[in-house]
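>>> Return atomic coordinates for the entry below.
(chains A and B, ligands or ions: 2)
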Amino acid sequence: MSNNTKKWFSLNLNRTKKSEACGCGNNASSCEEKTPKDGYNQVMDVSMSRRSAFKKLTAGLLIGAGAVSTSCSVISGDESKEKSAIEWDEYFKGNYKLMTDKEKNETVNRLVRSYELRTGKKINLSSKDAEEDVLFGYAFNISKCQGYMDCVNACIEENNQDRASQMQYIRIHEMEDGKGFNFEESDDNYYHEVPAEGHFYMGTQCFHCDNPPCVEVCPVQATWKEKDGIVVIDYDWCVGCRYCMAACPYDGRRFNWKTPEVPEEEVNKNQHYLGNRLRKKGVMEKCTFCIQRSRKGQNPACVEACPTGARTFGNLLDPDSTIRWVLENKKVFRLKEDLGTEPKFWYYMD
Amino acid sequence: MKSLKVVGSLIKDSLAEITHGSRAYHIWMAILTFVMLFGMYNYGIQLEQGLSATGMTDRVSWGLYISNFTFLVGVAAAAVMLVLPAYVLKNIDFKQAVLIGEGLAVAALLMCLAFVVADMGGPARLWHMIPVIGVFNFPNSMLTWDVLVLNGYLFINITVPLYILIMRYQGKTPNPKIYIPGVFISVFWAVAIHMITAFLYQGLQARPFWNNALLGPRFLASAFAAGPALIILVLAVIRKFTEFKVPDNTIKKISLIVTVAAQINLIMLISELFKEFYAPTHHSISAVYLFFGIEGKVALLPWIWTSITMNVIATTVLTFHKLRSNFKILYVACGMLFVAIWIEKGFGLIVPGFIPGPWGKIAEYTPTFVEISVTIGIWAMGAFIFTILAKTGIAIELGKIVYKKK
Ligand code: SF4
Ligand code: SF4
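Ligands and ions are numbered 1, 2, ... in the order given. I've put the predicted structure just below:
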């Protein structure tokens, strides 16, 4: 976003490559922080080596205490040795946002191998970066949605969400005709035949705000906005403080209160590091616009699954995209605009 | 070399001091130890099962732990802020207030840190937050500010009393030129830990119940009431069970502080209530839920009304000089005030922030047994730490343990 013309409340869709090409995967204001090397950046540049020192120190302490019996013992087989070596390296790896390409590859390989050791199956784990000149956005046609919740189910399957707690990123709110957008009285947990007489439906999920409050508050930068506008979480870096959840005005985030359960045969094996790879307990997750699909040029699972065509997804920077057509030709609006969060998720009616 | 020897012998002597005491003392410590162990056992369950062992959910994602954390930051801050007026009023024994106040601050801070760790989904990954080896999102995240100020405050509050005690231990008089600046820094620092903890909530535009400019000042006022109220109670116990002389005047002066703070707190409460209920908006739903309940969801009602009743009674009692000067009444009033503010600044503040949820959902929160046990365990830990600190401190002050030059 060209910083000089951008008002804080207006999302500038005409951003160009040049003003933006810093590749830090951050928004403009925090990019600026990055150019001069001071404070935090200086620290970050050496953090990898500091951390490896920390790792060695911890290793030393543990060996001293005789606590690494599994990884050192002669009896345990090669596989379990490899497993604990992987766990060890995984525990000490850095924040994905700050990893070099080499480090990204290493951790991806470790995660693939670790899944193979556990289940004997291979997964396809991508670490594909954002494309140039892409800014994803989403539009939702309230007139079309009938509340079938096919999007919800597709999302759960695509994104390997915990089946036990029935976690769902998308909530469909059933609203009564004649009351307007009355979220308080709407029902986001209905179990009856749809469309129900005298009701209309509206879906919410993470809106991938352009000015996301959830990102600001995270104490460890485990969540951030990628260059293509997708707000992501590094599940291995999140410490589970849930501050971001309190900061999100849209109920966009979900927490793993216990170890998520996905039956092995249902695991979607096409994964992305920042997307639908398997999570652990005590970390945050949320909609990623199906980053594993959208970065390959596909639509998110919800868009694909919707039988009514209420959902539109695309590149906001491409003047010929459907999403741009919707924004330019429909009377679109966003929710809670007064908060200044700049959601990249618009609603409209026919 | 010499100072090392002094510290070494101080540690030896204090160990001897804390392992010896009256029967009541031993029973007290045994109970605390048992409660702590029970809390740890329950924390083990929580580690095993994840935070699903608590009553928190996606709808109400902070609960008892964060509530207690918030309240205790107040106690930690107020215990030391007490020192400033005490110093200005001059005619009471300054060092005493410093020692007890800072001991209380240390115990409260350690409890704060324990509550934060207990609340984490991934405590093993907490090293991610250590500056330099992890990533510290400073200055964007208020939580990183809070980590900084809390640890800085802990550091100050350990060094100042340690200096005084080490000097006393060697039979020397502590040099006010050295410790007074420390005390003053810690007083201003106390305001900082308070405001920043308030900013943690105040800065969230997503939660109208917290996003309110009065939150910080109200934190200060209520802490100024609750912290010194606790100190009065602690001093009362110390007077009863040790030979440590606490003059009546000290307690009277502190009770004056409690009174003024409680009055200001009440005025701010009225101002908040007026705003929420005179011209209610969409954003007043949290307050409606807290004070009256919504659609039969009334979990917080008994708590908040107990709190308000106790608060009003205690403040009224304290306001009358006659009543306040009667120590029995004063202790009861202080106890009531402390509990009232614990409810109000604890889950009376945190839980309604999440109710209604961003889309108006009213989902209630009830802490589980595990959660409550861990909470009580952490409180026992605080009491344990404070008892040790106070016992050693008092013994040194009384000259019961002194450094023997060999
Ligand atoms: S909707 Fe919520 S979680 Fe998503 S980017 Fe905005 S603030 Fe963050
Ligand atoms: S829960 Fe995780 S992502 Fe959210 S603020 Fe805490 S560390 Fe960051």
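
>>> Which stretches in the stretch 151-300 of chain B count as helices?
Along the stretch 151-300 of chain B, counting by DSSP state H, counting those that start in this stretch, helices occupy B:176-202, B:215-241, B:248-278, B:285-292.

>>> Out of the ones you listed, which is closest to ligand 2?
helix B:176-202 (11.8 Å; CB to the nearest ligand atom). To be clear about C-beta, it is placed using only N, CA and C from the backbone, and glycine gets the same treatment.

>>> buried sites along the closest one?
B:179-180, B:182-183, B:186-187, B:189-202 (16 or more other CB atoms under 10 Å in any protein chain shown).

>>> and what of stretch B:365-382?
B:365, B:367-368, B:370-371, B:373-375, B:377-382.

>>> Take those residues and keep only those in helices.
B:370-371, B:373-375, B:377-382 (DSSP state H).

>>> Give me the residues contacting the host helix or strand of B:L318.
If you go by DSSP states H and E, B:L318 is part of helix B:301-319. Residues outside helix B:301-319 that contact it (CB atoms under 8 Å, 6 or more residues apart in numbering or on different chains): B:255, B:258-259, B:262-263, B:265-266, B:269, B:290-293, B:323-324, B:329-330, B:332-334, B:336-337, B:339-341, B:343-344, B:347-348.

>>> if you set the cut-off to 7 Å instead, what comes out?
B:255, B:258-259, B:262-263, B:266, B:290-291, B:293, B:323-324, B:329, B:333, B:336-337, B:339-340, B:343-344, B:348 (CB atoms under 7 Å, 6 or more residues apart in numbering or on different chains).

>>> Mind checking the pLDDT average for it?
In this model, helix B:301-319 has a mean pLDDT of 94.

>>> and the next helix or strand after that helix, what does it pack onto?
Next helix or strand after helix B:301-319 toward the C-terminus (DSSP H and E): helix B:321-325. Judged by 3 or more CB pairs under 7 Å, 6 or more residues apart in numbering or on different chains; DSSP states H and E, helix B:321-325 is in contact with helix B:248-278.

>>> Apply 10 Å and report the result again.
Contact here means 3 or more CB pairs under 10 Å, 6 or more residues apart in numbering or on different chains; DSSP states H and E; on that basis helix B:321-325 packs against helix B:248-278, helix B:301-319, helix B:327-345.

>>> and these, which is most packed in?
Sort the helices and strands packed on helix B:321-325 by mean neighbour count, taking mean count of other CB atoms under 10 Å in any protein chain shown, and helix B:327-345 sits at the top with a mean of 21.

>>> who does it touch, helix- and strand-wise?
helix B:64-81, helix B:215-241, helix B:248-278, helix B:301-319, helix B:321-325, helix B:347-353.

>>> Any residue of the third one touching chain A?
No. Looking at helix B:248-278 against chain A by CB under 10 Å from any CB of the partner chain, there are no contacts, and the closest approach is 16.7 Å.

>>> could you give the angle of that helix to helix B:64-81?
130 degrees (axes from the mean of the first three to the mean of the last three CA atoms, to 10 degrees).

>>> So for helix B:248-278, mean pLDDT?
Averaged over helix B:248-278, pLDDT sits at 90.

>>> Need phi/psi at B:P367.
phi -70, psi 150 (degrees, to the nearest 10).

>>> quick one, what contacts it?
B:54-56, B:63-65, B:67, B:347, B:351, B:373-375 (CB atoms under 10 Å, 6 or more residues apart in numbering or on different chains).

>>> try 8 Å this time
So B:P367 contacts B:54-55, B:63-64, B:375 (CB under 8 Å, 6+ apart).

>>> Return the members of these classed as buried.
Counted by 16+ other CB under 10 Å, those give B:54-55, B:63-64, B:375 as buried.

>>> Same list, those, but as a markdown table with pLDDT and distance to A:R311 please.
Output for the buried ones among the contacts of B:P367, formatted as a markdown table (pLDDT from 0 to 100; distance: CB to CB, whole Å):
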| residue | pLDDT | distance to A:R311 |
| --- | --- | --- |
| B:T54 | 95 | 35 |
| B:G55 | 94 | 35 |
| B:G63 | 94 | 35 |
| B:L64 | 95 | 40 |
| B:T375 | 97 | 44 |
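
>>> closest to ligand 1 among those residues?
B:G63 (20.7 Å).

>>> for the closest residue to the closest one other than its chain neighbours, helix, strand, or coil?
Using CB to CB, 6 or more residues apart in numbering or on different chains and skipping the chain neighbours, the partner closest in space to B:G63 is B:M56 (4.7 Å). Secondary structure, DSSP: H, G, I helix; E, B strand; the rest coil: B:M56 is coil.

>>> Thanks a lot, see you next time.
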